[in-house]
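Asks: Just a sequence and a predicted model for now, questions to come.
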Amino acid sequence: MTDQPRPPLGGDARPVLQAGAALLADGMWLASTLDAARRAVIDAHRVLAEPQIRPRLAELGIERLRESTGGRVRLAGLPEAGFLTVGDLVDADPARLDAVPGIGPQTARTLRAAAQQIADAVAASVQVRVENDPENRETTPLVVAVTRLSRLLPAAKTLKVLPDQVVPALQHDVAAAAPTASRIGWLFTGRDRKDAATIAYWRVDQAARWASENRIADRVAAVRSIAEAPPTAAEAWSGFAADPSAFYTLLGETVGLRLDVAAVEGYLPSEIVERIQALRLDDEYSNVNLRGYQSFGTKFALVQKRVILGDEMGLGKTIQALAGLAHLRAQGQTLFLVVCPASVIVNWLREIRRHSRLVEFRLHGDGRDGALNEWLARGGVAVTTYDTAGALDLPADLRIAALIVDEAHLVKNPEAKRSQLVGRLGKQADHVWYLTGTPMENRVEEFRRLIKRLQPAVELDFSAVDALAGPARFRAAVAPVYLRRNADDVLLELPELVRKDEWCEFTVAERRAYDDAVRSGNFSAMRRASFSSTDPVACSKINRLLNLVSTALANGRRVVVFSYFLSTLATVTAALRESGVCPEVLGPLTGSTPAAERQAMVDALSAPDGPRVLVAQIQAGGVGLNMQAASVVIICEPQVKPTMETQAIARTHRMGQLNNVTVHRLLTDDTADERMVEILDVKTELFDAYARTSAMADATPAAVDISEVALARQVVAAEQSRLQLPLQ
């Protein structure tokens, strides 16, 4: 006999039973809706993948079935009956296969199952690339299906416990509690069943109370409203163009796209991989869906604690680091510190807000002391620079949950003050993560010095001479502390563009020049204020540009730098040469450059031993020239016409491009750059145009462009109002 109190009966019990039944129905609807949405993605993907799957299966002879069945399947008689490949068996009519002499029904079922298993494995490895073409009727169903799923999942995220835990329990309890609905029926119910009904009733009651307290019905209704209003094709394509990476991430998770596992895992030894895979990330404070390789990188940093994340540029090292901080915050840790060059501090602050629910603090410039005290009291992510970090009044006994050192190759010199500072901060941190896109395989001694600072106790059995043995030897030696993946290894879809807005901050001299331009209402001078000098200390955009070019060249990439202004082109060219980052620069290629010279510059950029950076005026270099040799594009300022940017980018991203193309657009915080982006975003759907192929942009320029005069008036007026600087 149960020790629980007797349940209400009849009319007193029915409200609870009805609430339990309604909750069960909601949970089952939610599960089936999400399953159907996922199935729609899988089916749409399979339709596009099928043309690639069939030829591959046709190349696999039936003898491959022995591998998947352990050699226990009979193949005799199949070739004579016309079954020569795995593809033949996948498409086989069951009756025809059963009729093959020596192949009975059991063997036929085994053959078909083995063939289908191989077909599924091939399907999982097929790369489906979606071109940004809203008129493509074949790919539209997949784009719509992924978009619908992407809308449902966030809304259903907080309801995960409903289909996973509540529904399985209610399926039993609602039925078991049924005898309580009738007083007369209860009288004729046996003791064992009464005990079971009593226990079940109170569990249904508990579930109903939980649902009421957490407004589960309202939250399910919100998901239902999303499910009943599927995205239009136009909405789906617009979302894809705005964020193709999110599209491919969700697609890969849903259909189980298979990457080169060894590449994703950075060729780490199995014992480290096992520890990493055992960790489950907590995303309570995260706003980003990680790709598989990014999730692995985050867990690598968390498990190994003091590491270098060295992924190739464009693979999301910042996102991986922020996901790691979000996990630590969910585990109760509170104090995180980012040390970075001044040129990227604004980027970090924006990325923290965008990709996490963590609070950010700027420990740089005016107000840094107050921000420091607030960070110490509240916790969050403090962002500071190499120069400022040394001046911070940090408590001697402070423990930092995680220290992130961005552009970590800048601390390779042990004698430099910044290197010594990072070393001291590292001793106060439980986790230390160095981020650098500069490959280390050919910089063994620099790498050794970084490791010595990061993990003094680690002795690397590796020398410069050993580098000749190739990357496998290097990876094995540095596995505990270094993870690097290349884009071609982990981006199945080779996305059309990896776009990054690089936010910079004015120096004092730049701010003075900019304010003067605003006072005079000189729109052109406002846009050029960030390129008044070749000195990276005096010019924030030059500083960022030199870093980007240096990293690109270190990764074997070729670069095209675009600007609208001739003076900016001259400044950039001089800065590249004077800094030593790239002494041999092609250009500037301008509107006055003869056609033959233009083509000669492009040909030189493509030459194996030729210069690796071309500087070009966006009006001239953006039309009629093919620059596929370059895979990094730097745009020095936002353009008045979005199509101008789109066409320039299309010079590198076109047929014949073998690498993913990374586009960096240089922007200055709180200036005309930001006003231009805001206005163009609202009035012309700039970001949509920015991601489109050149064919689409060429076809509809009037739909996305805006008058330069109108834009100039709006931007100048907005800046004069914001800065309270009237027109002179």
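Replies: Received it, and whenever you're ready, just let me know what you need.
Asks: In this protein, which helix is the longest?
Replies: In the chain, ranked by residue count with DSSP state H as the criterion, the top helix is helix 14-58.
Asks: I'd like to know which elements it is packed against.
Replies: helix 86-90, helix 105-125, helix 140-156, helix 167-176, helix 191-213, helix 216-227, helix 244-255 (3 or more CB pairs under 8 Å, 6 or more residues apart in numbering; DSSP states H and E). Every residue, glycine included, has its C-beta placed from N, CA and C.
Asks: how is the protein carved up into domains?
Replies: Per automatic domain parsing, the structural domains of the chain span 1-258, 259-490, 498-723.
Asks: I'd like the average pLDDT over the longest helix of the chain.
Replies: Across helix 14-58, pLDDT averages out at 91.
Asks: what is the orientation angle of it with helix 216-227?
Replies: Relative orientation of helix 14-58 versus helix 216-227 (axes from the mean of the first three to the mean of the last three CA atoms, to 10 degrees): 40 degrees.
Asks: Put together a markdown table for the domains of the chain, with mean neighbour count on each row.
Replies: Formatted as a markdown table, the domains of the chain follow (neighbours: other CB atoms under 10 Å):
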| stretch | mean neighbour count |
| --- | --- |
| domain 1-258 | 17 |
| domain 259-490 | 19 |
| domain 498-723 | 19 |
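Asks: Select from the ones you listed the stretch with the lowest mean pLDDT.
Replies: Across the domains of the chain, the lowest-scoring stretch is domain 498-723, with a mean of 79.
Asks: Quick check: end-to-end length of that domain?
Replies: By CA to CA, to the nearest Å, the extent of domain 498-723 from end to end equals 34 Å.
Asks: Quick one: the strands in the protein, in order.
Replies: Along the chain, the segments classed as strands by DSSP state E run 306-309, 335-340, 360-362, 380-385, 400-406, 429-435, 482-483, 498-504, 559-563, 586-589, 613-617, 632-635, 662-668.
Asks: Please name whichever of the ones you listed is nearest to residue 58.
Replies: Residue 58 lies closest to strand 498-504 among those, at 35.0 Å (CB to CB).
Asks: Name the strands paired with the closest one and say parallel or antiparallel.
Replies: Sheet pairing here is set by DSSP bridges, and for strand 498-504 it gives strand 662-668 (parallel).
Asks: what angle sits between the partner strand and strand 559-563?
Replies: Using the same axes, to 10 degrees, the inter-axis angle of strand 662-668 relative to strand 559-563 is 40 degrees.
Asks: who touches strand 662-668?
Replies: Residues outside strand 662-668 that contact it (CB atoms under 8 Å, 6 or more residues apart in numbering) are 313-314, 497-506, 510, 529-530, 540-541, 544-545, 548, 552, 557, 631-638, 645, 649, 673-674, 677.
Asks: ok so, going back, just put the strands of the chain in JSON lines and tack on distance to residue 279.
Replies: Shown next, in JSON lines, are the strands of the chain (distance: least, CB to CB, whole Å):
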{"stretch": "strand 306-309", "distance to residue 279": "14"}
{"stretch": "strand 335-340", "distance to residue 279": "18"}
{"stretch": "strand 360-362", "distance to residue 279": "25"}
{"stretch": "strand 380-385", "distance to residue 279": "21"}
{"stretch": "strand 400-406", "distance to residue 279": "15"}
{"stretch": "strand 429-435", "distance to residue 279": "13"}
{"stretch": "strand 482-483", "distance to residue 279": "14"}
{"stretch": "strand 498-504", "distance to residue 279": "27"}
{"stretch": "strand 559-563", "distance to residue 279": "37"}
{"stretch": "strand 586-589", "distance to residue 279": "47"}
{"stretch": "strand 613-617", "distance to residue 279": "41"}
{"stretch": "strand 632-635", "distance to residue 279": "34"}
{"stretch": "strand 662-668", "distance to residue 279": "30"}
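Asks: Quick check, residue 611 in contact with residue 586.
Replies: Yes: contact criterion CB atoms under 8 Å: residue 611 and residue 586 qualify, at 4.8 Å.
Asks: shared neighbours, the two?
Replies: Counting by CB under 8 Å, 6+ apart, the residues touching both residue 611 and residue 586 are 604-605.
Asks: sorry, back to before: right, and the helices and strands packed on helix 14-58 - which one's nearest residue 426?
Replies: Comparison of the helices and strands packed on helix 14-58 against residue 426 by CB to CB identifies helix 244-255 as nearest, at 31.5 Å.
Asks: That closest one - contacts with which helices or strands?
Replies: helix 14-58, helix 140-156.
Asks: just to revisit the earlier point, can you give the distance of the longest helix of the chain from its chain's centre?
Replies: Put simply, helix 14-58 sits 25 Å off its chain's centre (CA atoms, centre = their mean, to the nearest Å).
Asks: Alright, calling it a day.
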